[in-house]
Every structure is written in C-alpha cells, then in structure tokens.
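S.K.: Sequence and computational prediction follow.
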Amino acid sequence: MTNGSACAASNEENLPRQLFGRRFIWATALIWTCLVAAAMLGIALADPGLNSPAAVSSLGLIWLAVFAAILLVGRRLCEGASSDVTLFDALDVRAGEQAVMFADAAMAIVDRNGRVRTINDHLCRILGRTPGEVLGRPAWEFIPPDDHDSFREQLRRRRRGISGTYELRVARPDGEIRVLLAAVHPVYDRFGKQVGGLGLLSDITDKKRAEAAVREHAAYLERVNRELESARAEAERALAVRDQFLANVTHELRTPLTAILGYAETLLVEGDVSKAPPVRIGAIQTILRNGQYLLRIVNDLLDIARIEAGQLAVETQAFSPTRVAADVLSLLRVKSDAKGLPLLLEARPPLPRLIRSDPFRVRQILINLVGNAIKFTDSGSVRLIVKVVTNDDGHCRLEFDVIDTGIGIPSDQLERVFEPFYQVDGGSARRHGGTGLGLAISRNLARRLGGEISVVSEVGFGSSFRLTLPVGHQAELEWETSPTFDLEAAPATESETAVGTEPPLRLSARILLAEDAPDTRRLFVHILQGAGVEVETAENGKEAVRAALQALRESRPFDCILMDMQMPEMDGYQAVHVLRESGYNSPIIALTANVEAGDRSRCLQAGCDGFASKPLSKDALIRLVSKYASDRRGLRCVTVS
C-alpha cells in the first residue's frame with residue numbers, strides 16, 4: 001500500500017539499527033558471563049584452596065556490576081539511535097502502525113514533541129492534505145494560531161500520562177476550519193517511558209454548525225419572544241389607556257345627557273302642559289327626542305368598543321321569545337304609526353314557551369332590525385315573524401324574520417352593511433341618518449349568543465333580515481301551540497314615559513345624594529323632593545363620608561345614599577370603603593355614567609347594595625330610592641292620582 005509505506009518510511013529506516021543494537025548488547029553480556037564463569041572454573045581447578053566463599057562472592061559481584069553496566073550502556077545507545085520507534089509495549093512497531101493505517105476512523109500518532117509520525121487516509125481527507133504534507137511536521141502547523149496554547153497544554157498532559165477528550169480545530173489549505181473531537185491516549189515503549197500519543201478523531205463540524213444554528217435560532221426566538229412580550233405589554237397599556245379614555249368620555253357624555261333629558265322631562269310632566277304654547281311643547285319634545293338619540297349613539301359606540309375588546313357580556317336566563325317580540329313592537333309602534341306603516345307580529349306555532357338566552361341582547365338585536373325596517377320603509381308594512389325550525393337530529397333553532405317593503409339593498413353590498421360605520425350610500429345616510437353601527441353590533445351580539453344574522457334583499461322591493469338562535473333539543477323544550485301576546489299590555493314607550501302617562505309616586509324617606517355635577521345634583525334633588533323625599537347633598541366623597549357618619553352618630557342614619565362613583569378629592573369607591581370600614585350598614589346605591597362590563601361587579605365588590613347607570617328618568621330614580629328606602633324602613637310607595 002503506497003500511502004501506508006510512505007507513512008511508515010521513517011520508522012522502517014531505523015529498524016535495522018535497533019535490531020543490531022539489541023543483538024550486540026546481548027552478545028556482549030553473554031561473552032562477559034562466559035569469561036567470568038571460565039575464570040571461576042579455572043581458579044577452582046588450579047588451586048582448590050582459592051575456592052573460598054569470599055573469593056566466589058567477589059567474583060560474582062564483579063560479574064553483576066559489569067553485566068549491569070553493559071545493559072545500561074546498551075539501552076542508552078539504543079534510545080539515542082531510535083527513541084521514537086518502540087511505540088507499543090509488547091507489540092511490534094510495524095503492527096502498531098498498521099493498526100492505525102487500516103483503521104476505519106481518523107487516527108494519527110504524534111511523538112512527545114507533537115510531530116506527526118503516522119496518519120491514515122481518513123484523517124488526511126479531513127485535513128485536505130496528502131500524507132507527505134503532514135508526516136514529520138508539527139501538528140500545530142495545521143491548527144489555527146488561537147488554539148496553539150491549548151494544544152500544547154494537551155501535549156503536556158500526555159507527557160504526564162493523562163488521557164483526554166477535547167475539541168480540536170484544524171485549518172484546511174482552502175482556509176476552511178473543521179472541528180474535530182479528539183480522544184488522545186499516551187503511548188509507552190516497552191520500558192514504560194511515554195514516547196507519544198495516539199489520537200482517535202471524529203469530524204463534528206456539521207454537528208457544531210447545527211448546534212450553532214440551533215443556538216442562533218433559539219436566540220432569535222428569545223429575541224422575538226421579548227419583542228412580543230414588549231408588544232403585549234404595550235398593547236395592554238394601550239388597552240388600559242383606551243378603557244380609561246372610554247370611561248372618561250362615557251362619564252363626560254352621559255353626565256350632561258342626564259341633565260338634558262331630566263330637565264326636558266321635567267318641563268313636560270310638571271305644571272299644566274295644556275296651557276303651554278304648542279311651539280314650546282314641540283321644542284321640549286325635540287330636545288328630549290334628540291337627547292335620547294344622542295344617548296343611543298353613545299351606547300352604540302360603547303358596544304362596538306366592547307365588542308372589539310372582547311368584553312361584551314351576555315347573561316343567560318329563561319324568557320319567552322314571543323313576549324320579547326311583542327315588547328319590541330310595542331316600543332316601536334309610535335314610530336311606525338308616525339309613518340302610517342302597519343307593524344305586524346306573526347307567531348307561527350308550535351313555539352317554545354321559554355328559551356334560555358340573553359333577553360336583553362335579543363331585545364337589542366330586534367330593536368335594531370325592526371327600527372331599521374321602519375326607518376327605510378316609506379310605504380307598505382313591516383312584519384316580524386317568529387318560528388322554529390327543527391333539524392333531522394331534533395335540535396331546534398328559533399328564527400326571527402324582519403320583513404319590510406322598503407328601499408332594499410344592492411346585492412353587492414349585502415355583506416358590507418354589517419361593517420361598522422358603513423352606510424349603503426351617502427344619499428341614504430344623509431336622508432335617514434344613523435351611525436352605521438346597529439347591524440354590526442347586532443351580528444356580533446347574535447354570534448355571541450351562538451346564532452347568526454343573514455339578509456336577502458332586492459332594490460325597490462324591500463329586505464328580509466333573519467336572526468337565528470339555537471334553543472336546544474325539541475325534547476327539552478316546553479311547547480305552546482297557541483301563543484298569546486297583547487301588544488297593548490307591553491311596557492310603555494320612551495315617549496309615553498316622557499310625557500308622564502303614569503301617575504306620580506310619593507314616598508317618605510331621608511337620603512344623602514353625593515354628586516359632583518351641579519346640574520345633575522339640582523335635577524335629582526328637584527325630582528326627589530317633588531316625590532316627598534328629604535334630600536341632603538354632598539359634592540365629593542369626603543363630604544359624603546362626613547355627612548353619613550355624622551348622621552350615624554346622631555342616630556339619624558340616612559335611609560339610603562345615592563353615591564356617584566367618579567368624584568374629585570375622594571371618589572365613590574373610596575368613600576364606600578371608608579363607610580363600610582366605619583360600620584355604616586345602611587344601603588348605598590352606586591350611580592355611574594360608566595357602563596363597562598365590570599362596572600356593576602366592581603361597585604358591588606366595593607360595598608354598594610345597588611347599581612344604576614346614568615342618565616336616569618324621573619320614574620326610574622324615584623323607584624330606585626323607593627326600593628332601598630322601603631327595604632330599610634318598611635315603607636311603601638304611595639301612588640298619587
């Protein structure tokens with residue numbers, strides 16, 4: 001094998017001198033031994049008197065000393081001639097080198113000084129060099145300069161007889177750096193002297209590159225995670241700012257609306273309205289109507305903000321679907337009558353007597369759908385059809401169809417009408433008004449309830465909107481084949497309430513009103529005093545706490561406290577906490593212009609007994625006070641005819 005012969009050439013040249021040296025040493029030692037033995041035999045035969053123990057011992061010591069001197073001198077001579085040849089104890093040099101040459105793994109032998117003495121083909125391919133370029137050269141010539149010190153340290157460890165495994169970088173002629181895993185063991189001659197090292201090497205460059213890629217990717221992922229965490233924190237801060245902004249805007253809008261609607265209602269219900277000029281009554285009704293419209297816009301904006309934030313709450317309870325449908329038509333009957341439109345309810349039995357869903361949200365959806373149908377219909381009629389469709393597996397869905405004979409919707413815009421703020425066309429928007437939020441809110445509400453809203457329409461012939469809600473398996477429902485409903489018995493409309501068709505309520509109670517808005521404070525005082533209530537006021541939380549505790553010390557506690565939750569100096573939450581900590585147990589009703597999902601629970605957790613959102617109508621305010629004052633004192637509301 002040409003490559004193997006070349007790699008072992010240096011050692012083969014020294015082999016004859018080594019063998020000759022060994023033979024010469026042993027021949028000299030043998031001749032000396034024979035000479036000493038012949039001398040002792042001759043002396044014994046020539047003169048038996050000289051054959052004493054002392055003489056024999058003297059000759060023996062002389063022989064041993066000279067024999068040892070021959071061996072030591074011969075060993076030194078052999079070592080000087082070829083100290084790096086005898087590499088394997090009890091093995092022939094050629095056998096050891098052949099083991100390296102024909103090994104399947106990359107292997108090499110270096111001497112004590114780090115020079116390469118033997119190398120096989122596998123390692124040559126890794127180094128990208130021929131055996132002639134490597135043999136007899138210091139191994140560090142193939143190692144990057146930065147690694148020279150660590151390589152020399154490994155050589156010193158081999159000289160101390162320490163085996164080791166370490167990573168070794170080598171440089172190829174083209175400049176490429178390869179990484180090897182080297183397992184190196186010291187090599188001894190037959191006399192136990194360390195004469196070099198035998199290395200088994202494995203190319204782990206690809207593995208190291210893969211590890212580096214993994215580390216780099218892990219660092220990238222960690223960096224991305226940090227960026228995402230930072231973005232998430234920033235988004236949470238933005239949401240918190242947005243929520244605070246919405247709370248502030250809600251408070252600032254609903255607080256003046258409370259005064260606008262309240263005073264407009266007061267002007268309509270107090271005094272002899274029949275003697276007022278028609279123009280004045282019309283102006284008051286216009287203020288009331290537009291204030292209510294502005295309030296609906298504010299509520300729609302808040303709903304769409306909650307939907308986008310995923311904070312819109314639904315509450316499931318049992319209710320009658322036909323009753324909700326009748327309530328909606330009763331509420332909107334005045335609007336349809338004003339346009340001369342028949343407003344019809346068709347209940348197609350059998351229908352479930354009760355279903356489980358959110359009646360407030362179902363009512364809100366139907367008000368939007370029926371209200372839009374009335375708005376966009378000038379002639380014909382508006383119908384609300386209620387029916388149940390049963391699937392093959394027995395599961396039922398309730399369908400509310402709102403059908404009008406209005407202007408219709410172009411087919412290419414049927415889906416766009418559910419986008420927030422979208423109007424079918426600018427002319428329609430200017431003529432009919434609206435924000436374009438009703439259908440977007442309604443579809444999102446329907447989906448939160450597990451249902452859907454769909455639409456079919458034809459321009460000039462009208463539209464049909466369908467609200468579909470799941471109601472469970474037919475075997476779980478109680479059915480009625482002749483549902484009854486009385487539109488006249490439904491709750492009064494906003495207009496009917498505003499003009500005071502119901503008799504006023506009178507009650508005897510003493511309350512504390514904590515409200516920082518002067519207009520709202522004067523309005524509530526006027527309404528409550530008109531109902532017979534004794535009212536004491538406070539402009540902030542500190543004044544409210546002081547007045548409540550003073551009344552408690554005087555054994556004249558208030559029957560209830562109306563506490564605005566957003567006030568200067570000390571807000572309502574802090575005031576309620578201080579009162580409860582001080583042992584105040586009378587009812588406290590939270591008044592807030594904020595209507596976010598968690599406002600009610602936050603107020604109740606703070607220690608309030610009740611919750612009401614502004615604006616409040618006159619009747620709602622009196623009934624609210626009546627409920628908690630009556631619960632405390634056992635009073636009853638008195639209806640004054």
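M.R.: Structure received.

S.K.: which stretches of the stretch 101-250 of the chain aren't confidently modelled?
M.R.: Counting by pLDDT under 70, the low-confidence segments of the stretch 101-250 of the chain come to 101-104, 247.

S.K.: Now do the strands in it.
M.R.: Along the stretch 101-250 of the chain, counting by DSSP state E, counting those that start in this stretch, strands occupy 106-111, 116-119, 164-171, 177-188, 194-203.

S.K.: Kindly reformat the ones you listed as CSV containing distance to V576 and mean neighbour count.
M.R.: In short, each C-beta sits where N, CA and C put it, glycine included. As requested, these are exported to CSV (distance: least, C-beta to C-beta, whole Å; neighbours: other C-beta atoms under 10 Å):
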stretch, distance to V576, mean neighbour count
strand 106-111, 81, 22
strand 116-119, 88, 24
strand 164-171, 70, 16
strand 177-188, 71, 17
strand 194-203, 75, 20
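
S.K.: Identify the single longest helix in the protein, thanks.
M.R.: Longest helix in the chain, counting residues (DSSP state H): helix 205-269.

S.K.: Out of the strands of the stretch 101-250 of the chain, which is closest to D358?
M.R.: In terms of C-beta to C-beta, the element of the strands of the stretch 101-250 of the chain nearest to D358 is strand 177-188, at 66.5 Å.

S.K.: For the closest one, enumerate the helices and strands it packs against.
M.R.: Here strand 177-188 is seen to pack against helix 121-127, helix 148-159, strand 164-171, strand 194-203, helix 205-269 when contacts are counted using 3 or more C-beta pairs under 8 Å, 6 or more residues apart in numbering; DSSP states H and E.

S.K.: How about residues contacting the first one?
M.R.: Okay, so that is helix 121-127. Outside of helix 121-127, the residues within contact range by C-beta atoms under 8 Å, 6 or more residues apart in numbering are 3, 103-108, 130-131, 134, 142, 170, 172, 178, 180, 201, 203.

S.K.: List the buried residues of it.
M.R.: Buried residues in helix 121-127, counting neighbours by 16 or more other C-beta atoms under 10 Å, are found at D121, H122, L123, C124, I126, L127.

S.K.: Could you dump these into TSV and include distance to F191?
M.R.: As requested, the buried residues of helix 121-127 are exported to TSV (distance: C-beta to C-beta, whole Å):
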residue	distance to F191
D121	32
H122	31
L123	29
C124	32
I126	34
L127	33
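
S.K.: Make sure L591 is indeed in a strand.
M.R.: Yes: with DSSP: H, G, I helix; E, B strand; the rest coil as the criterion, L591 is assigned to a strand.

S.K.: hang on, G114 packs against R137?
M.R.: No: counting by C-beta atoms under 8 Å, no contact exists between G114 and R137, whose distance comes to 9.6 Å.

S.K.: Comparing these two, which residue is more hemmed in?
M.R.: In terms of neighbours (other C-beta atoms under 10 Å), G114 is the more surrounded of G114 and R137; the figures are 19 against 14.

S.K.: That one: what's it in contact with?
M.R.: The contact partners of G114, taken as C-beta under 8 Å, 6+ apart, are P138, A139, W140, F151, R152, L155.

S.K.: what are the phi and psi values for it?
M.R.: Backbone dihedrals for G114, given as degrees, to the nearest 10, come out at phi 90, psi 10.

S.K.: Okay, now stretch 183-195: how far is its last residue from its first?
M.R.: Between the start and the finish of stretch 183-195 there is a gap of 17 Å, counting by C-alpha to C-alpha, to the nearest Å.

S.K.: Tell me how far that stretch lies from the chain's centre.
M.R.: For stretch 183-195, the distance between its averaged C-alpha position and the chain's averaged C-alpha position is 61 Å (C-alpha atoms, centre = their mean, to the nearest Å).

S.K.: swap in stretch 190-201?
M.R.: For stretch 190-201 - counting by C-alpha atoms, centre = their mean - the centre lies 60 Å from the chain centre.
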